[in-house]
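*Asks:* Got a predicted structure plus its sequence, pasted below:
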Amino acid sequence: MPDQPDRPGDGPDASGAPPGTASAVASPGRAGPARPPAEPGLSREQVARRVAAGRTNDVPVRASRGVGQIIRGNVFTRINAMIAVLFAIIAVIGPVQDGLFALVIVINTLIGIVQELRAKRTLDRLAIVNAARPRVVREGATVRVAAQEIVLDEVLEVGTGDQVVVDGVVTWSAGMEVDESLLTGEADPVAKRPGDTVMSGSFVVSGSGRFRATKVGRHAYAARLAEEASRFSLVRSELRSGIDRILTWITYALFPIGALLVYSQLVLGGHVALDEPVAGGQVSGPLADALRGMVAALVSMIPEGLILLTSIAFAVGVIRLGRHRCLVQELPAIEGLARVDVVCTDKTGTLTEAGMRLARVRDLGGGDGPAATRVLAALAAGDPDPNPSMTAIAQGCAAHGHEAPDWPVTALAPFSSARKWSGASLLAPDGEEHWVLGAADVLVPPDDPAAAEAARLGARGHRVLLLARAARRVDAEDAPGPVRPAALVVLDQRVREDAAPTLDYFAEQGVDVKIVSGDHAASVGAVGRELDLAGAERPVDARDLPESAENMAREVERRSVFGRVTPERKRDMVRGLRRRGHTVAMTGDGVNDVLALKEADIGVAMGSGSPASRSVAQLVLLDDRFAALPRVVAEGRRVIGNIERVAGLFLTKTVYSMTLATVVGLLAVAYPFFPRHATLINAVTFGIPSFFLALAPNTDIARPGFVLRTLRLAAPAGLVAGLAAVTTYLLVLGGRTVPEPADRTAVVITLCATTLWVLLLVARPYVWWKVVLVGSMVGLLTLAMVTPLGQWFFDLDVSEPGKLLTGLAVAGVAIAVITVIRVVDDRMAARARAAEDDPEMERVPVGR
């Protein structure tokens, strides 16, 4: 529908002001009035009419997948489709025992749906807590509403760190600068004056302002892109793409192997005889037997639990992190965190407490005007959108009885992370005065005594700002110009109690931590030294970093503490580390961290941080606890490490099934199993244990190369197990072509013993519950073999000890071979990891 007023008088007037308000226009080149003009905004009736007409910001909040999507995603999968086809064959030819594998899939699917629904509830609850609530002007008052409650022609008020949630036209600006880099790619902030447009998806980096909404909902610029980018994602990760690639290979292998089995079984019979039904609805004959053999082989080839357990592991990870008030906004972030080897962190609000305290004001005698504390009180009172430093100054002045003088603000320069200062032109009793407050090493030359004293105080861990008198208006193009230092403002910032243990954890895990801050390098270094961060004794001023991207990245890789880092430089530092092969996590809470958060592999924002930083981060720590990061990293490693273990088990099953089916097909002998045998073997060796292993603790550092690393054990172990099964089968057949139940039982014993040993190898390191798990599986297998019910249901026969001993003997040889392969592989892997850590390591023979 067109974005037009719903009736005359409800739309904007010719000046661009919101309905029913006066125009607020500042002269070109000026920052505009420091306080917003009085304007009523929309009335309740006007809002109600727009809601009734559907002119609302109907863009859904970032949330998890819908219930329907979760159900479809778990039911309509490639694996379920394969299983359904195979079950349809068994449903026709019988017996019912051979269709047991389909029941397993149904149970797996239900478990997956339940776990994802639990994760959805957790995500939705945390997403509501994390959602930004924009400020709107209604009936003369500024109130907060949900983003979805904004209507057309609404007057919105924004300040530093706020994200623009709808398109609009600026009606008032107090030095407002907007970063549109997420939309246009242009990193330089754009100054916005009355009459300029603002676009949804941009965010305010300096100043404050108001704008009237001209496009809302899906009409707004980038709203559709934002909606798509905000969806809960299960894809775009090395892990999932690797699993998809493996499944594609398996799918291609199913058809020729299935065709070979059917052909060989029919040739074995000499002709295609007509099958006849027998008691219980079972069909008997060459074709039916061939189809049963094919189904048994293909069911074992399909890694039915792999996708399920991957989804469950991620879902449980989301639930566990949610208990610690960590919102996962993009699911692949869990995987990314497991691979992180560098953490870049802001200082203020991350390593230190968000609030600060005014410690003292050190007069430098830089002016013959009013006392510094009165000027500071006036600057704080005249700032419409104070940052934490200005808030601390205002609180400190009030606590010491310094009331703000009634000096009108004639010009305003809001704080900007890029220029490192703010200021105001004030109409004092003696005339207009121009004052600036910011970084001493930016406002005055390095050899100025004020800069030296600020550096000395900063080296003690304080945040030090210089109050100086400027020679020209603060909103002039070349402001501030030469300044006269008047006072140093010393702010105390407390280091978080949990910061040091967190950095210690990262050091133990081999993760490099780098502090990147806009503060003076000496101040940042002092905080780093207090936290015992390696390299903190040599802080780097980011302005001194090489201009070359490659040289800068190399220097950033070597050092740990950086000060005077602009938002653009933060982004470049993260980009450089990534180009050098690192997986980088960036933590921050301010608008100055947005570009780096977006550039990092994993962006982590604080819950009390700016809406802009929270909106671009993949993870949000809602309790502002930096100490939650080790828990998040550990959860990522648990998920990825366990999925690799489970994948190795299921692919071992796939490989031995392919080997067994191919050899049997080429030898033109009957397939040794019925589908019920495959169900039993799969359940006790890999199926049931994998559920427990997928959720077990795991601290292994995730590394690239998931597919090759998984196949490195699965391929040889599966090949050996398959050949062992064929060997047992040929030995017990004794020249016959049709197996008896005792023959099938011997092969079942060989495969179960061999694959349970693979399970033991994968389950390392051993703890009591893993031993109990494997023992329980052996117990289940024994029950199936020795109880009358188990023997009848699974068609097993243990009455011929010779054949059972043959199966165990072959399994013993296979176990020895698999063990040797694993030992050699472990040594080679250890040497490869050592070579990665130390490229200059001398190459020596593996056995040394």
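*Replies:* Yes, it's here. Keep in mind that what you see is a predicted model, and the values were worked out from it rather than measured.

*Asks:* So what's the gap between stretch 795-802 and the chain middle?
*Replies:* Distance of stretch 795-802 from the chain centroid (C-alpha atoms, centre = their mean, to the nearest Å) equals 53 Å.

*Asks:* Restricting to C-alpha, output it in PDB.
*Replies:* In PDB, the C-alpha atoms belonging to stretch 795-802 read as follows (Å, rounded to 0.1, in the frame of the first residue of the first chain):
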ATOM      1  CA  ASP A 795      16.400 -64.900  14.000                       C
ATOM      2  CA  LEU A 796      19.600 -65.700  15.900                       C
ATOM      3  CA  ASP A 797      21.100 -69.200  16.700                       C
ATOM      4  CA  VAL A 798      23.900 -69.700  19.200                       C
ATOM      5  CA  SER A 799      23.700 -73.500  19.200                       C
ATOM      6  CA  GLU A 800      26.900 -74.000  17.200                       C
ATOM      7  CA  PRO A 801      30.000 -72.900  19.300                       C
ATOM      8  CA  GLY A 802      32.400 -73.500  16.500                       C
END
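
*Asks:* Please list the outside residues in contact with that stretch.
*Replies:* Identification of contacts with stretch 795-802 by C-beta atoms under 8 Å, 6 or more residues apart in numbering yields 97, 674, 676-677, 740-742, 744-745, 748, 784-786, 790-791, 804. C-beta coordinates here come from the backbone N, C-alpha and C atoms, glycine included.

*Asks:* again, 7 Å this time
*Replies:* Residues from elsewhere that reach stretch 795-802, judged by C-beta atoms under 7 Å, 6 or more residues apart in numbering: 674, 676, 741-742, 745, 784-786, 790-791, 804.

*Asks:* same thing with stretch 101-118?
*Replies:* Outside stretch 101-118, the residues that touch it by C-beta under 7 Å, 6+ apart are 67, 70-71, 74-75, 80, 83, 87, 299, 304-305, 308, 311-312, 315-316, 319, 675, 678-679, 687.

*Asks:* which of the contacts of stretch 795-802 lies closest to residue 137?
*Replies:* residue 676 (71.3 Å; C-beta to C-beta).

*Asks:* hmm, which of the contacts of stretch 101-118 are the buried ones?
*Replies:* 70-71, 74, 80, 83, 87, 299, 304-305, 308, 311-312, 315-316, 319, 675, 678-679, 687 (16 or more other C-beta atoms under 10 Å).

*Asks:* In helices, which of the residues you listed appear?
*Replies:* The helices, defined by DSSP state H, take in 70-71, 74, 80, 83, 87, 299, 304-305, 308, 311-312, 315-316, 319, 675, 678-679 from the buried ones among the contacts of stretch 101-118.

*Asks:* Next, the contact list for residue 502, please.
*Replies:* Neighbouring residues of residue 502 by C-beta under 7 Å, 6+ apart: 626-627, 629-630.

*Asks:* Sort out for me which of these are in helices.
*Replies:* 629-630.

*Asks:* Most neighbours among the contacts of residue 502, which one?
*Replies:* The most crowded member of those, judged by other C-beta atoms under 10 Å, is residue 629 (27 neighbours).

*Asks:* which regions of the stretch 1-150 of the chain sit below the pLDDT cut-off?
*Replies:* 1-35, 59-65, 126-130 (pLDDT under 70).

*Asks:* So which bits of stretch 387-399 are buried?
*Replies:* Residues 387-390, 392-394, 396-397 are the ones in stretch 387-399 that count as buried (16+ other C-beta under 10 Å).

*Asks:* From the residues you listed, pick the one nearest residue 443.
*Replies:* In terms of C-beta to C-beta, no member of the buried residues of stretch 387-399 lies closer to residue 443 than residue 389, at 14.6 Å.

*Asks:* So that closest one lies in a helix, does it not?
*Replies:* Yes - per DSSP: H, G, I helix; E, B strand; the rest coil, residue 389 lies within a helix segment.

*Asks:* And the pLDDT at it?
*Replies:* Note on residue 389: pLDDT of 86.

*Asks:* That one and residue 599: what is the separation?
*Replies:* Using C-beta to C-beta, to the nearest Å, we find residue 389 at a distance of 26 Å from residue 599.

*Asks:* just residue 469 next, same as before
*Replies:* Counting by C-beta to C-beta - residue 469 and residue 599 are separated by 38 Å.
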